[in-house]
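Participant: Here's a sequence, model it:
(one chain, ligands or ions: 1)
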Amino acid sequence: MTQMSDSEHTLGALLAAATERLAASSESPRLDAELLLAHVLGQPRSHLFAWPDRPADGDQRVAYARLIERRANGEPVAYLTGLREFWSLPVRITADVLIPRPETELLVEVALEYLPDKPQPSIADLGTGSGVIALALARECPRCRIIATDCSEGALTTARLNAEQLHLTHIEFRLGSWFGPLEAECFDLIISNPPYIAENDPHLAQGDLRFEPKSALVSGRDGMDDLRVLAQNARRHLHAGGWLIVEHGYDQGEAVRKLLDKEGFSSIATRRDLAGVERVTLGRHA
Ligand code: GLN
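Facilitator: Okay, the predicted model is just below:
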């Protein structure tokens with residue numbers, strides 16, 4: 001039996017082999033290999049660049065090989081590491097929640113722009129998932145009163161844990177569907193990144209989407225069922241002058257503007273994300 005030389009166990013060699021293994025299945029094989037190795041070592045990614053000649057021990061190599069195989073099988077990196085960054089906050093991710101997307105940061109930016117100038121603005125984040133939108137707003141606006149809802153117990157557990165770990169303890173989490181847990185309360189802003197994919201969309205059978213909760217992704221035949229529920233009920237829960245701000249699919253901007261118009265919103269506008277895609281639409285409750 002041939003003994004593997006130490007040089008094959010260095011961080012640099014492990015990364016090179018894993019990158020090759022992932023080349024066919026991932027669009028970012030090198031980055032994935034780095035994130036997973038850093039996770040196994042319990043070190044930041046910079047450690048890999050500082051110490052490429054250091055060896056990994058046997059347990060670490062076994063754990064790494066397992067993760068690389070799962071990644072080669074399509075599992076998203078965020079579910080394998082249990083971690084993702086959003087708005088520069090490290091956020092815990094479980095299979096109960098959607099993996100936060102960078103484009104959702106636009107929703108946070110728009111919300112911050114439309115916060116009213118008063119001592120304690122109130123915000124509802126509906127379908128909070130891992131909690132990222134509420135967490136980012138809580139970080140930026142400590143004086144805000146924030147209520148975050150989700151109909152998934154597993155998602156709320158993850159969101160609550162994130163709030164605790166980030167010491168953003170002034171968010172109130174409530175279990176229930178959309179406006180259900182809000183009772184008769186009114187807010188200055190209602191924010192949501194609802195599911196907005198059509199149930200027969202072929203993308204659901206591709207990439208990360210295969211592993212994410214269907215309830216966080218899919219919303220009826222045209223992907224707009226939940227956007228309709230939000231548009232139809234938001235005004236009852238908004239103060240006069242308050243805003244509904246929603247994320248939607250790349251081709252849903254016009255349909256969402258029409259929907260908000262039909263429901264009596266004013267000052268309706270759509271904002272584009274960094275890729276130039278219509279991504280966030282908002283409307284004012286007169
Ligand atoms: N609000 C969460 C996010 O933006 C979850 C959204 C969802 O599950 N549709 O990531």
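
Participant: And stretch 146-157, how far out from the chain middle?
Facilitator: Mean C-alpha position of stretch 146-157 versus that of the full chain (C-alpha atoms, centre = their mean, to the nearest Å) differs by 13 Å.

Participant: Ends of that stretch, what's the gap?
Facilitator: Taking C-alpha to C-alpha, to the nearest Å, stretch 146-157 runs 17 Å from one end to the other.

Participant: in it, what counts as buried?
Facilitator: 146-150, 152, 155-157 (16 or more other C-beta atoms under 10 Å). Using the backbone N, CA and C atoms, a C-beta is placed for each residue, glycine as well.

Participant: Quick check, the residue in the stretch 51-200 of the chain closest to the ligand?
Facilitator: Residue nearest to the ligand within the stretch 51-200 of the chain: residue 129 (2.5 Å; C-beta to the nearest ligand atom).

Participant: Please work out how many residues are found near that residue.
Facilitator: Counted with other C-beta atoms under 10 Å, the neighbours of residue 129 add up to 28.

Participant: need the helices for the protein, in chain order.
Facilitator: 11-22, 29-41, 46-50, 58-72, 77-81, 105-113, 132-140, 153-165, 214-217, 225-233, 253-262 (DSSP state H).

Participant: Please tabulate those helices in CSV and include mean pLDDT and distance to residue 120 as additional columns.
Facilitator: Formatted as CSV, these follow (pLDDT from 0 to 100; distance: least, C-beta to C-beta, whole Å):
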stretch, mean pLDDT, distance to residue 120
helix 11-22, 98, 48
helix 29-41, 98, 39
helix 46-50, 96, 40
helix 58-72, 97, 44
helix 77-81, 97, 33
helix 105-113, 98, 15
helix 132-140, 98, 13
helix 153-165, 98, 18
helix 214-217, 96, 30
helix 225-233, 98, 23
helix 253-262, 98, 26
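
Participant: Including distance to the ligand, could those helices go into TSV?
Facilitator: What follows is the helices of the chain, written out as TSV (distance: least, C-beta to the nearest ligand atom, whole Å):
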stretch	distance to the ligand
helix 11-22	25
helix 29-41	19
helix 46-50	27
helix 58-72	21
helix 77-81	11
helix 105-113	7
helix 132-140	5
helix 153-165	7
helix 214-217	3
helix 225-233	8
helix 253-262	15
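
Participant: What residues does the stretch 151-286 of the chain have near the ligand?
Facilitator: Residues of the stretch 151-286 of the chain lying close to the ligand by C-beta under 6 Å from any ligand atom are 193-195, 216.

Participant: Let's see if you can find the most crowded of these.
Facilitator: Counting neighbours by other C-beta under 10 Å, the top entry in those is residue 193, with 27 neighbours.

Participant: Contacts only, for it.
Facilitator: Neighbouring residues of residue 193 by C-beta atoms under 8 Å, 6 or more residues apart in numbering: 104, 107, 127, 129, 133, 246-247.

Participant: Filter those down to the buried ones.
Facilitator: By the neighbour-count criterion of 16+ other C-beta under 10 Å, those include these buried positions: 104, 107, 127, 129, 133, 246-247.

Participant: tilt between the strand ranked longest in the chain and helix 253-262?
Facilitator: Scanning the chain for the longest strand, with DSSP state E as the assignment, gives strand 238-247. Inter-element angle recorded for strand 238-247 and helix 253-262: 170 degrees (by axes from the mean of the first three to the mean of the last three C-alpha atoms, to 10 degrees).
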